[in-house]
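# What shape does this take:
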Amino acid sequence: MATILFFDMLGARKRWQNGGTEEAMRMFNHFGRLVNAAIREEDPQSILQGGIETDSAMLICDSVITSLRIAQRIYRWAFRNPENPRANRLWLRGCIVPYHETFTRRESPMRPPFDQVKAYTYSDEAFDAISIEKSGFKGMRVLVRSELIDAEARNAFRIPFGQASFITLKRLRHSNYPNIIQGELLDFLWMACAENDEWEEIAEHMASRLRYSAHDIEEFSQAAATQVLFHECGAIRQSAISRSIRLARVAN
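Residues are numbered from 1 along each chain as shown. All right, here's what the predicted structure looks like:
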């Protein structure tokens with residue numbers, strides 16, 4: 001099933017307020033380069049259509065697995081800024097929803113003599129993606145409609161620990177979700193990894209981001225929600241490791 005991957009760069013208005021148009025454009029260009037680089041790691045035929053508009057991107061992918069791969073790549077690259085309080089920190093928020101339609105956005109002119117003015121309308125599924133992202137949930141997260149996650153998707157993003165494993169698509173206990181009328185949303189734990197050294201490094205980077213954002217209330221709220229996500233990921237990861245150790249002891 002085709003999917004829509006939609007995500008937004010947070011804090012664009014604040015960047016303009018603090019650094020003017022030049023600073024805002026610099027971050028927009030950085031965002032665009034990240035998306036471009038992430039897409040180019042995929043088979044061109046797996047990206048059906050899409051677009052980048054200043055601080056947001058919408059990509060139509062051939063499957064949820066492609067969307068998740070791209071999201072993980074972009075989020076990890078965006079997250080790894082220099083360890084410096086004054087370094088620019090990019091925060092993203094996104095979602096993945098099903099796509100069955102033939103268009104994402106239509107353009108239609110007004111009736112003459114004002115046909116130079118265009119009206120833009122989104123498809124139901126594109127509007128669903130935008131509405132989920134704009135619902136205001138906190139943290140650098142990717143929310144996925146649960147009906148997209150089948151056994152193939154779970155296995156593609158399963159992290160093995162000996163005889164146990166950790167599935168990185170979860171409904172979390174301590175993170176808030178938008179209210180939706182139908183279906184359920186899951187979190188994609190894009191930061192999850194198998195190696196302890198890699199996990200400790202990315203977790204420490206998260207702690208640094210939290211400290212560095214303390215002077216800015218808006219950024220700190222995003223960092224705090226992302227730290228909760230990391231704590232939940234760490235707890236699930238440690239549970240899988242402990243289960244693996246127990247199973248190994250039983251086997252011996």
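# Which other helices and strands does the lowest-mean-pLDDT helix or strand in the chain contact?
One helix or strand of the chain scores below all others by mean pLDDT, DSSP states H and E: helix 12-39, with a mean of 86. Other helices and strands packing on helix 12-39, by 3 or more Cβ pairs under 8 Å, 6 or more residues apart in numbering; DSSP states H and E, are strand 3-9, strand 47-53, strand 56-61, helix 64-79. The C-beta positions use only the backbone N, C-alpha and C, and glycine is treated the same way.
# Include mean pLDDT, distance to residue 106 and mean neighbour count when you put the ones you listed into TSV, please.
Below are these laid out as TSV (pLDDT from 0 to 100; distance: least, Cβ to Cβ, whole Å; neighbours: other Cβ atoms under 10 Å):
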stretch	mean pLDDT	distance to residue 106	mean neighbour count
strand 3-9	96	15	25
strand 47-53	94	13	14
strand 56-61	97	14	24
helix 64-79	97	23	21
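# Which residue ranges of this protein form strands?
Taking DSSP state E, the strands of the chain run over residues 3-9, 47-53, 56-61, 92-98, 105-109, 118-122, 142-145, 158-161, 164-167, 169-170, 185-188.
# helices or strands up against the first one?
By that I understand strand 3-9. helix 12-39, strand 56-61, helix 64-79, strand 92-98, helix 124-133.
# List the strands paired with that strand, with their directions.
strand 56-61 (antiparallel), strand 92-98 (antiparallel) (DSSP bridges).
# And for the shortest one?
Partners of strand 169-170 in the sheet, by DSSP bridges, are strand 185-188 (antiparallel).
# could you pull out the helices for the stretch 101-250 of the chain?
Remark: helices assigned in the stretch 101-250 of the chain by DSSP state H, counting those that start in this stretch are 124-133, 151-156, 196-212, 217-251.
# Quick check: which of those is buried the most?
helix 124-133 (a mean of 19; mean count of other Cβ atoms under 10 Å).
# residue nearest the centroid of this structure?
Nearest to the geometric centre of the chain sits residue 142, at 3.4 Å (Cα atoms, centre = their mean).
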